[in-house]
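1. Got a sequence here, can you build the structure:
(2 chains)
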Protein chains: 2
Amino acid sequence: MYVIGLDIGGANIKSADSDGAARTIPFALWKTPQLLKATLQELLSGFQRPDLVAVTMTGELADCFPTKATGVDQILSATEEAVAPVPLVVWQTGAEFLPTDIAREFPLLVAAANWHALATWLGRMIPDQNGILLDIGSTTTDIIPLENGIPIAEGLTDVERLLSRELVYTGGRRTPLAMIDQQVPFRGQWCPLAAECFATALDLYLLLEENTENLHDHDTADGNPATQDNAYARIAQSVCCDVSEMTRAEAVEVAHYLAEQQQKQINQALNQVVDQMSVPPMAVLMSGSAVFLAEKIIRAHPVLSETVITNVAEIFDRSISNAACAFAVARLAAERVRI
Amino acid sequence: MYVIGLDIGGANIKSADSDGAARTIPFALWKTPQLLKATLQELLSGFQRPDLVAVTMTGELADCFPTKATGVDQILSATEEAVAPVPLVVWQTGAEFLPTDIAREFPLLVAAANWHALATWLGRMIPDQNGILLDIGSTTTDIIPLENGIPIAEGLTDVERLLSRELVYTGGRRTPLAMIDQQVPFRGQWCPLAAECFATALDLYLLLEENTENLHDHDTADGNPATQDNAYARIAQSVCCDVSEMTRAEAVEVAHYLAEQQQKQINQALNQVVDQMSVPPMAVLMSGSAVFLAEKIIRAHPVLSETVITNVAEIFDRSISNAACAFAVARLAAERVRI
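-> Numbers count the residues shown, from 1 in each chain, chains lettered A, B, ... in the order given. Here you go, the predicted structure:
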């Protein structure tokens, strides 16, 4: 069966088919929800006609929807219209696909369920083991306990997952520095950070040479390219300095401190999730656009560094890695759904 | 002498004449620096022709300028061209006006000097006393020690003032919740806040009924109006909930907690500044768009509540209060500059 998977977010729509072709397009759902149907149709036109479409989403969180239930309903309606007459199924945190009419009855299981699809799919790499999936993306981090390869997360909705620390709202790119910590070491003192989005985690890892420069990447705090020089200027601005007031070495020191704080934050959550597991994890799966951070954290961890560690991002094409949740629902649906 | 004062910021230009007429217009300097001259000309056309123009600024911090020196230079050039042939003088933290050519030689004294003009002008209300000016705006808080009414700040540039706590980067409107604290009490636990600008300090004080609702005010985290219902929804979103997942009472509890944390932060800085003064303050001047917060903090302070407290915002018209720094340089220049 040939299936197309969709992961409909608030800023991007990701698609992948069950054969491994993938395509992601930017789409400002919060700005133009009425264009969702047409955008999906255009996206689907790049694939051959599927037997089935499987969808997961986070876009119901967009500002344009007063509640998640409204968002789920409207996204499902637009998707149904875009794919008709091809049947549509919906992933949810109950760990199975639902037809759209039943999915609408459980909006909080359908909302933000893409992490669960990914964990279910990746978990099959360790079918007989207890393990952990550590997925660090641009904005958030998922820490999912797996028992015999099956996700056994304590939280299902985002807020439950924040409370259980299975969702850590920090990532390798978009997190503003002043949301990592409130102050940094500077001139031998603690300097409060400006409460602004002057610089983000991306700048830390650019300046620390963990990210490569990209002159064409303007998805930064100020829209200037993702270069080390600009990262230096943005970090200086975070304490209201320009580059004449903060040396590059001082900016690197600030970056070191904040990178360490961010990794500590993820590490603490990781320990909390591991402590909740009845059997200690024997395997770790790492994924996400900031998998380099996951790698650092796991390799430095006294217990998890001794397990079988798999960098999932190294196994798959970059296009599939970027659309991993869409690929996950496509593959899961191809295997599980009978039409 | 008839003087017009200008306070050129990154998002607004404020103007006031020495007679007390004031006008503020939004201007996205960071987006269209090339339109500054024309915008100033239009703004000035609303006043009679002045004998002198006095300027102070914070706009040199805008992203469009690689350094503050470049920003100061370009803002002064545009302003000179806009006001010519009327002479132009520039306030700086050396506590006097400079002609533009000399001002350009000391960009770090000219940059972000508007707080100093305000403190110098307001300080004259307590000419023989030691006191404190507490100005809480939409985004930042200034805590300025005054000796015989004259500002004796330890820091002059923004970063020096962050280090001395005379500048606290928190305010009554624009501060994102996740930059006030990283977690909030929810469902009997500590819940981390999403590292996003989903809600701001404005929402706290709307929900706590310290700010009045304004259906026409869209200067909010999501662009929806400044109402209590929207504030409730935005606060819920800060922990990834919609209003079906967080009761209004729970949102009020979150708002109480964060408002308290913000006031604690200002209070700690206030104590640090007061502790540095050689003579304890006998008077407190309060100002700024969030003067209600200053009022709360001072009235609850064990020492400062016993001093002579003046709410400056109550003395002046709202239009002058909103353009206080522009009015300050206009009045100071009218008295001090001889042309």
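2. Report the central residue of chain A.
-> Computing the C-alpha centroid of chain A and ranking residues by C-alpha atoms, centre = their mean puts A:Gly137 first, at 4.0 Å.
3. is it true that that residue touches A:Leu293?
-> No: at 10.0 Å, A:Gly137 does not count as touching A:Leu293 under the criterion of C-beta atoms under 8 Å. Every residue, glycine included, has its C-beta placed from N, CA and C.
4. Now the common contact residues for those two.
-> Where contact means C-beta atoms under 8 Å, 6 or more residues apart in numbering or on different chains, the residues bridging A:Gly137 and A:Leu293 through contact with each are A:Gly172.
5. Can you give me the distance of A:Ile102 to chain B?
-> A:Ile102 sits 19 Å away from chain B, taking C-beta to the nearest C-beta, to the nearest Å as the criterion.
6. Let me fix that, I meant to ask about A:Phe106.
-> Counting by C-beta to the nearest C-beta, the separation of A:Phe106 from chain B is 13 Å.
7. Over to A:Ala119?
-> A:Ala119 sits 18 Å away from chain B when distances are taken as C-beta to the nearest C-beta.
8. Please report how far that residue lies from A:Gly5.
-> A:Ala119 sits 15 Å away from A:Gly5, going by C-beta to C-beta, to the nearest Å.
9. Who has more neighbours out of those two?
-> A:Gly5 (32 against 29; other C-beta atoms under 10 Å in any protein chain shown).
10. Pretty sure that one sits against A:Ile320.
-> No: judged on C-beta under 8 Å, A:Gly5 makes no contact with A:Ile320 at a distance of 10.7 Å.
11. Any chance you could list residues touching both of these two?
-> Contacts common to A:Gly5 and A:Ile320, judged by C-beta under 8 Å, 6+ apart, are A:Ala16, A:Phe327.
12. how many other residues sit next to A:Asp217?
-> Other residues near A:Asp217 number 15, with proximity taken as other C-beta under 10 Å.
13. What residues are bridge-paired with the nearest residue to it once chain neighbours are set aside?
-> Taking C-beta to C-beta, 6 or more residues apart in numbering or on different chains as the measure, A:Asp217 lies nearest to A:Ala226, with 4.0 Å between them; neighbours along the chain are not counted. Going by DSSP bridges, A:Ala226 is paired in beta bridges with A:Asn214.
14. State the helix or strand in which A:Asn271 lies.
-> Remark: A:Asn271 resides in helix A:248-276, with elements defined by DSSP states H and E.
15. can you give me the angle the next helix or strand after that helix makes with helix A:248-276?
-> Tracing the chain past helix A:248-276, the next element assigned as helix or strand by DSSP H and E is strand A:283-287. Per axes from the mean of the first three to the mean of the last three C-alpha atoms, to 10 degrees, the angle that strand A:283-287 makes with helix A:248-276 is 140 degrees.
16. List the contacts of strand A:283-287.
-> Surrounding strand A:283-287, the residues in contact under the criterion C-beta under 8 Å, 6+ apart are A:118, A:122-123, A:125-126, A:129-136, A:146, A:294-295, A:298, A:304, A:307-313, A:321, A:324.
17. Buried ones in it, by neighbour count?
-> A:Ala283, A:Val284, A:Leu285, A:Met286, A:Ser287 (16 or more other C-beta atoms under 10 Å in any protein chain shown).
18. who are the neighbours in contact with the closest residue to A:Arg336 other than its chain neighbours?
-> When the adjacent residues along the chain are set aside, A:Arg336 lies closest to A:Phe97, with 6.5 Å between them (C-beta to C-beta, 6+ apart). By C-beta under 8 Å, 6+ apart, A:Phe97 lies in contact with A:Ala54, A:Val89, A:Val90, A:Trp91, A:Leu332, A:Ala333, A:Arg336, A:Val337.
19. and after the helix or strand where the second one lies, which helix or strand comes next?
-> I take that to be A:Val89. Element membership of A:Val89 [criterion: DSSP H and E] is strand A:88-92. Remark: after strand A:88-92, the chain's next helix or strand is strand A:96-99, criterion DSSP H and E.
20. how about that next one: buried residues?
-> The neighbour-count criterion (16+ other C-beta under 10 Å) identifies A:Phe97, A:Leu98 as the buried residues of strand A:96-99.
21. next one: stretch A:84-91
-> Applying a neighbour-count criterion of 16+ other C-beta under 10 Å, one finds A:Val86, A:Pro87, A:Leu88, A:Val89, A:Val90, A:Trp91 buried in stretch A:84-91.
22. Make CSV from these and add distance to chain B to it.
-> Compiled in CSV, the buried residues of stretch A:84-91 are given as follows (distance: C-beta to the nearest C-beta, whole Å):
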residue, distance to chain B
A:Val86, 30
A:Pro87, 29
A:Leu88, 24
A:Val89, 24
A:Val90, 19
A:Trp91, 19
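23. any idea how far stretch A:77-96 is from the chain center?
-> Offset of stretch A:77-96 from its chain centre (C-alpha atoms, centre = their mean, to the nearest Å): 21 Å.
24. Straight-line length of that stretch, end to end?
-> The first residue of stretch A:77-96 is 20 Å away from its last residue (C-alpha to C-alpha, to the nearest Å).
25. What of stretch A:224-231?
-> Distance between the boundary residues of stretch A:224-231 (C-alpha to C-alpha) amounts to 9 Å.
26. So what touches that stretch?
-> Here stretch A:224-231 makes contact (C-beta under 8 Å, 6+ apart) with A:199, A:202-204, A:206-207, A:209, A:211, A:213-220, A:222, A:233-234, A:251, A:255, B:63.
27. out of those, which are buried?
-> A:199, A:202-204, A:206-207, A:211, A:220, A:222, A:233-234, A:251, A:255, B:63.
28. Nearest to B:Glu105 among those?
-> Minimum distance to B:Glu105 across those is 23.0 Å, recorded for A:Ala233 (C-beta to C-beta).
29. I am finished for the moment; much appreciated.
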